[in-house]
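Student: prediction below, plus the sequence it came from.
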Amino acid sequence: MDNKINFQQLVEKFVQASGMSRNWSEQFVRSFFDIISEKVIEEGLVKVKGLGTFKLVETENRESVNVNTGERIVIEGHQKINFIPEAELKDFINQPFASFDTINLTDNQLDELAKIEKEEQQNKSQSSRPQEAVPADVPKQTESADSEIARKVAAVKAMGKEAMAKEAMAREDMEKQLQETSEASEESVPSVSTKPLPQKSPDGVVIGPILPAGGTHDREVRHLPPVLAAGLKILAWVLSVIVALWVIVYAVWPAVAVAIFSDMETERKYSQASAIRQKMEYEQLMSLYEDSVQADADTVTANSAAVGGHQPDTVAEPVPEPEPVVKPASKQVQPASTVPSGKLVLLEADEKRDLSEFSASDTVNYRIAGLLAEHVVASGETLSRLSLKYYGTKKLWPYIACFNGGSTNMIDVGDVIRIPVIVNR
Amino acid sequence: MNNRQFLTQLSGKCSIDEKQASEHVQTLVEVLQQVWHEGDAVSLSGFGVFEVKKKNERISVNPTTGVRMLVPPKLALSFKPSSVLKEKLR
């Protein structure tokens, strides 16, 4: 390696390879290069098969600066000899690196960030959409209640704090309206307040199972014709509602049965629209949060079981006041229980208290108070995702970045990221 | 000057026919290839230096699409004519 072979050594090698006499070989090799140098000057181009092309190239006048004096000087145009090796020779020499290919670079980190931003915006638009719809009469209320359930599922998965705050406000609005209507007509209230509830309790041991069930169902359905898929969806939904209603009707409220059945007809009409919307939202959610669903699956069921325990009490009450209060709490519990230590018990308590006032600006109201965990970065993870995993929101990633001495979201697979404990100021 | 003309010239100088010249040229090129494959340089006084150089990997940008590409490292054969040959050019 890295030796310099001179003319004599080259001739020696040629003798060994060709078996010709040394004198003749020397003459041959010398002639070989003499002819090249002679003819390239005379004719400007010499092609040698297996080796390449020697070429005369004209250079133009160019200005330069004398490094010693700083003067501008003109380097006159001249001719120079270029050698372009044949493609085969090139490849042969490049053999050690032949396995490498040119790679198109995409800035994964930036893309990831942009994607997360998009998701957040989507969540916001999802949660703000039903907010605008003001429920006026009974059927409309059931419809918005449906979308509210979908929204809750979205929120459980998304954990965007802003979205949650908005939602909490939206729910408060809903409650007010529900209360108003309950005052207006005692008849309609039971059906309104019970309908969303049974859907959550028997159907589902609440939110958790609803989402996976809906997701897998959607995946199967995608292969079917759209009409059939929609039909199945509606059928499943209506069936679940009927079953839920029967349970409630027989267990708690036999007297209201008649009223509910009279509502059934109108409800069915609206269930189609809401089922389609639900499906769309499920699909979006599933594509966005497939990974987090897996991670959170057990905790969700645990929470929902706990919430399910509360359910009978709330069902019995005509005014659905306690129900929304239980919901946000369960949402807070979920991210908390994914995290091993007691730090989020703090968070949970805070957020239970301040849920309706929580907004994006509140993300600066924390301080770092020690080490929570050490996380080895796996493929596809970002600080935002870690923040989502440990704190339940993407917005708190700067705390992780700060705690690890950096200020960017750039992390590599295999890095050990120290997750700080953050507490409310 | 193409390969055939080159072989004619060579055969005339070394008193062999063109076919033999072609074979010997091939042998010589193979010898040179072997030398370069081992990473050695060939320095010929009065002609120049053939050297295998490693070009580092680099990031290049396609100016029309703006796509950034990682160009892998490679080994390239370079030829630097000797000063004697350069002198002849003038």
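Tutor: Here it is on my side, so go on. Residues are numbered from 1 along each chain as shown, chains lettered A, B, ... in the order given.
Student: shouldn't B:Lys55 be in contact with B:Ser78?
Tutor: No - judged on C-beta atoms under 8 Å, B:Lys55 makes no contact with B:Ser78 at a distance of 9.6 Å. The way it works is simple: take the backbone N, C-alpha and C, and place the C-beta from them, glycine included.
Student: ok, residues contacting stretch B:67-80?
Tutor: Residues outside stretch B:67-80 that contact it (C-beta atoms under 8 Å, 6 or more residues apart in numbering or on different chains) are A:54, A:81-83, A:85, A:89-90, A:93-94, A:96-97, A:100-105, B:36, B:48-62.
Student: any of those residues buried? List them.
Tutor: A:Phe54, A:Ile81, A:Phe83, A:Pro85, A:Leu89, A:Ile93, A:Asn94, B:Trp36, B:Gly48, B:Phe50, B:Glu51, B:Val52 (16 or more other C-beta atoms under 10 Å in any protein chain shown).
Student: so which of those sit within helices?
Tutor: Of the buried ones among the contacts of stretch B:67-80, the ones assigned to helices by DSSP state H are A:Leu89, A:Ile93, B:Trp36.
Student: could you check how far the first one is from chain B?
Tutor: Between A:Leu89 and chain B the computed distance is 7 Å (C-beta to the nearest C-beta, to the nearest Å).
Student: isn't that residue up against B:Gln33?
Tutor: Yes - counting by C-beta under 8 Å, A:Leu89 does reach B:Gln33; the two are 6.7 Å apart.
Student: over to the closest residue to A:Phe100 other than its chain neighbours: give its phi and psi.
Tutor: Excluding its sequence neighbours, the residue lying closest to A:Phe100 (C-beta to C-beta, 6 or more residues apart in numbering or on different chains) is B:Pro72, at 3.1 Å. When read as degrees, to the nearest 10, the backbone of B:Pro72 gives phi -70, psi 160.
Student: likewise A:His375?
Tutor: In terms of degrees, to the nearest 10, the main-chain angles of A:His375 are phi -120, psi 130.
Student: ok, it - contacts?
Tutor: By C-beta under 8 Å, 6+ apart, the contact set of A:His375 is A:Leu386, A:Tyr390, A:Val416, A:Ile417, A:Arg418, A:Ile419.
Student: count of residues packed around residue 34?
Tutor: You didn't say which chain, so I picked chain A. 15 (other C-beta atoms under 10 Å in any protein chain shown).
Student: actually, chain B is the one I wanted.
Tutor: So B:Gln34, with other C-beta under 10 Å, has 13 neighbours.
Student: mind saving the C-alpha coords of the helix or strand containing it as PDB?
Tutor: Assigned by DSSP states H and E, B:Gln34 belongs to helix B:18-37. Output in PDB follows, covering the C-alpha atoms of helix B:18-37 (Å, rounded to 0.1, in the frame of the first residue of the first chain):
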ATOM      1  CA  GLU B  18      -0.900  -5.300 -34.100                       C
ATOM      2  CA  LYS B  19      -2.500  -8.400 -32.600                       C
ATOM      3  CA  GLN B  20       0.500  -9.000 -30.400                       C
ATOM      4  CA  ALA B  21       0.600  -5.300 -29.600                       C
ATOM      5  CA  SER B  22      -3.000  -5.500 -28.500                       C
ATOM      6  CA  GLU B  23      -2.300  -8.500 -26.200                       C
ATOM      7  CA  HIS B  24       0.700  -6.900 -24.700                       C
ATOM      8  CA  VAL B  25      -1.100  -3.700 -24.100                       C
ATOM      9  CA  GLN B  26      -3.800  -5.700 -22.300                       C
ATOM     10  CA  THR B  27      -1.200  -7.400 -20.200                       C
ATOM     11  CA  LEU B  28       0.400  -4.100 -19.300                       C
ATOM     12  CA  VAL B  29      -3.000  -2.600 -18.400                       C
ATOM     13  CA  GLU B  30      -3.700  -5.600 -16.200                       C
ATOM     14  CA  VAL B  31      -0.400  -5.100 -14.400                       C
ATOM     15  CA  LEU B  32      -1.200  -1.500 -13.900                       C
ATOM     16  CA  GLN B  33      -4.700  -2.300 -12.600                       C
ATOM     17  CA  GLN B  34      -3.200  -4.800 -10.100                       C
ATOM     18  CA  VAL B  35      -0.800  -2.100  -8.900                       C
ATOM     19  CA  TRP B  36      -3.600   0.400  -8.500                       C
ATOM     20  CA  HIS B  37      -5.900  -2.100  -6.900                       C
END
